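Chemist: Pasting the sequence and the predicted model now:
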Amino acid sequence: MTVNPANPANPVPPDAPAAPATHAVEIRDLHKYFGKNEVLRGIDFAVDPGQVVCVIGPSGSGKSTLLRCVNLLEQPTSGKVVVNGVELTHRDVDIDAARRGVGMVFQQFNLFPHMTVLQNVMISQRRVLKRGKAEAERIARENLDKVGIGEKCDAFPAQLSGGQQQRVAIARALAMSPALMLFDEPTSALDPELVGDVLTVMRKLAEEGMTMLVVTHEMAFARDVADRVVFMDGGVIVEDGTPEQVISAPQHERTKTFLRRVLDPTHTDI
Amino acid sequence: MTDQPTTAEPTPAGGAPGGSGLSPRKKQQISRGVQYVVLVAVVVFLALNINWVDLGKNFTRLDIAEQMLPELFTVALKNTIIYSVGGFVFAFLFGLLFALMRMSSVRPYRWIAVVYIEIFRGLPALLIFLLILFLPLALSGFEVPGGTYGQGILGLAIVGSAYMAETLRAGLQAVPKGQMEAARSLGMSYTRAMVSIVIPQALRIVIPPTTNQFVSLLKDSSLVLFLGVSGDYVELTKFGNDTASTFANATPILVVGVTYLLVTIPLGYLASRLEGRQVRGR
């Protein structure tokens, strides 16, 4: 129970934040303002090691902001964020060290365009974890193979399709041997026919026991892969339960409305 | 009546419409014809009216050009390059510093950068060289390290850094925010992310304006002559001017001009090559 989630390819590095905590992520009474606009209005929430949690909700509901608060890309206005046993919101925390244990995948991929695929996956291993060149390259190639893109090592990101770029981005995050992976609408910028490849990789990760927090609009993925689904609206968590509870038998009117709209896009009465 | 001839041109092959009813193609032909006539007229006028013999005697005396020869390259061009490369290196470093200060979250840093940039972007380069000349008077005992080279390089660095700061800031801000976020999410510190991810991309973006900046500094290096340089420290313009005076002939000016172009034209070519590489890397 207290063990780090197993990731057979990448043993947890010795300098990753020690995480003998019960929760992989624990959030208490989180509030976030942008100016006077309160985007998160008191979030309480936890993810256990090995769990896959999907966050769904209408745009503007604060789900991306919540995710970005988990690795402090957004500074919470108040509240507590504990990740892998480290309280990120504590003023003395070494945020750079804490972020090493948390991989993040962005909607827009954000690969480094001036580097090859291989360099993209090696740079932070070399510069942050101070791994040797050979070791970093070996780990990079392992992870690129894992996401099915091993033959594109020397390509530049611009030469890849969106789906390939996103898989490189996943490999880049995995190469840091994170204990937790955050996905911020990873398939929203992809052409429909490329979505499947990325979801397959994510599904594989989930099966390997990676702890994952996924903001997504892919209801099928949430239903099939998630251990828990969280529905957010208006900066609060409205519903939190198993996929069956939240997607198949939602209790709240807001959840029902949202799901009706998402599952049947021709439904435009809102 | 007006749009009838312009839009449709169903006129059969032979039918040349008269008056204002010219087709656009016909109008274009006439306009081009007029331009050629003007060109030929100007060329003929110049050919007949310019005293080519005098001009040749004054600007293209090979014997005088020959006398300039080793020093033109070994002293004058060398010094021009020392001044402008030295000035450029410091302009770049300080420009980068001021660009980062301008974007700093520490307010006084931003103020200092803005004030510096506004002042030195607005002053004529010549004025800055004159200021440097009078610097030892203002601060008694102060001397710019590196003697004449140091003074020239300092002047060009001051002129260039204000422009470089703005160019580099634009380049840094043109790098998408997601790049910094991705780097930080991989555990890089702000400084590391800047050095490894943001600055390299910004540099590619600013290659074209930076090349212009260098060419501009190369030309501004001629102002070094106001520092009262002599002997081993002369650069191209001063050298050309001195030689022209010695022989009472303008040939050296032409020679020096060509020498500047020998440097600036390949530079422009290099810059467009680098730009091409940047496009491929994207």
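Modeler: All right, it came through fine. All figures in this text were calculated on a predicted structure; none of them were measured in a lab.
Chemist: Please identify which helix or strand holds residue A:222.
Modeler: Per DSSP states H and E, residue A:222 falls inside helix A:219-225.
Chemist: List the buried residues of that helix.
Modeler: Across helix A:219-225, burial judged by 16 or more other CB atoms under 10 Å in any protein chain shown covers A:219, A:221-223, A:225. Backbone N, C-alpha and C define where each C-beta goes, glycine included.
Chemist: Switch those over to CSV; also include pLDDT.
Modeler: Putting those into CSV (pLDDT from 0 to 100) gives the following:
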residue, pLDDT
A:219, 92
A:221, 93
A:222, 94
A:223, 93
A:225, 93
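Chemist: Relative to residue B:71, which of those residues is nearest.
Modeler: Proximity of the buried residues of helix A:219-225 to residue B:71 (CB to CB) peaks at residue A:221, which lies at 75.2 Å.
Chemist: So that closest one is in contact with residue A:183, correct?
Modeler: No: contact criterion CB atoms under 8 Å: residue A:221 and residue A:183 do not qualify, at 10.1 Å.
Chemist: shared neighbours, these two?
Modeler: Common contact partners of residue A:221 and residue A:183 (CB atoms under 8 Å, 6 or more residues apart in numbering or on different chains): A:202, A:214.
Chemist: Spatially central residue for chain A, please.
Modeler: By CA atoms, centre = their mean, chain A has its centre lying nearest to residue A:182, at 1.4 Å.
Chemist: Phi, psi for that one please.
Modeler: phi -110, psi 130 (degrees, to the nearest 10).
Chemist: Was I right to think it contacts residue A:72?
Modeler: No: using CB under 8 Å, residue A:182 is not in contact with residue A:72; the gap is 11.3 Å.
Chemist: any idea of the mean pLDDT in stretch A:146-161?
Modeler: In this model, stretch A:146-161 has a mean pLDDT of 94.
Chemist: Also stretch B:34-50?
Modeler: Mean predicted confidence for stretch B:34-50 is 92.
Chemist: so how far is it from its chain's centroid?
Modeler: 32 Å (CA atoms, centre = their mean, to the nearest Å).
Chemist: And for stretch B:219-239?
Modeler: Taking mean C-alpha positions (CA atoms, centre = their mean), stretch B:219-239 and its chain are 18 Å apart.
Chemist: for stretch B:133-142, same thing?
Modeler: Chain-centre distance of stretch B:133-142: 31 Å, with CA atoms, centre = their mean.
Chemist: Up against chain A, what does the stretch 151-282 of chain B have?
Modeler: With CB under 8 Å from any CB of the partner chain as the criterion, the stretch 151-282 of chain B meets chain A at residues B:176, B:178-179, B:181-189, B:192, B:196-197, B:200-201, B:204, B:280-282.
Chemist: Write the ChimeraX selection for whichever of these are buried.
Modeler: Only the buried entries of these go into this ChimeraX selection, using 16+ other CB under 10 Å:
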select /B:179,181,182,183,184,185,186,187,188,189,192,196,197,201,204,281
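Chemist: Filter the residues of the stretch 151-282 of chain B next to chain A down to the ones in helices?
Modeler: Cross-referencing those against helices under DSSP state H gives B:178-179, B:181-185, B:192, B:200-201, B:204, B:280-281.
Chemist: if you skip the residues just before and after it, what's nearest to residue B:182?
Modeler: Setting aside the residues directly before and after it, residue B:182 is nearest to residue A:110 in space (CB to CB, 6 or more residues apart in numbering or on different chains), at 3.7 Å.
Chemist: how far away is the one you found from residue A:216?
Modeler: Between residue A:110 and residue A:216 the distance is 17 Å, computed by CB to CB, to the nearest Å.
Chemist: could I get the ones in helices among the residues of the stretch 151-282 of chain B next to chain A as JSON lines with pLDDT and distance to residue A:145?
Modeler: What follows is these, written out as JSON lines (pLDDT from 0 to 100; distance: CB to CB, whole Å):
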{"residue": "B:178", "pLDDT": "95", "distance to residue A:145": "26"}
{"residue": "B:179", "pLDDT": "96", "distance to residue A:145": "26"}
{"residue": "B:181", "pLDDT": "96", "distance to residue A:145": "27"}
{"residue": "B:182", "pLDDT": "97", "distance to residue A:145": "22"}
{"residue": "B:183", "pLDDT": "97", "distance to residue A:145": "24"}
{"residue": "B:184", "pLDDT": "96", "distance to residue A:145": "27"}
{"residue": "B:185", "pLDDT": "96", "distance to residue A:145": "23"}
{"residue": "B:192", "pLDDT": "94", "distance to residue A:145": "27"}
{"residue": "B:200", "pLDDT": "93", "distance to residue A:145": "27"}
{"residue": "B:201", "pLDDT": "93", "distance to residue A:145": "28"}
{"residue": "B:204", "pLDDT": "87", "distance to residue A:145": "30"}
{"residue": "B:280", "pLDDT": "50", "distance to residue A:145": "26"}
{"residue": "B:281", "pLDDT": "48", "distance to residue A:145": "25"}
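Chemist: Nothing else from me, thank you.
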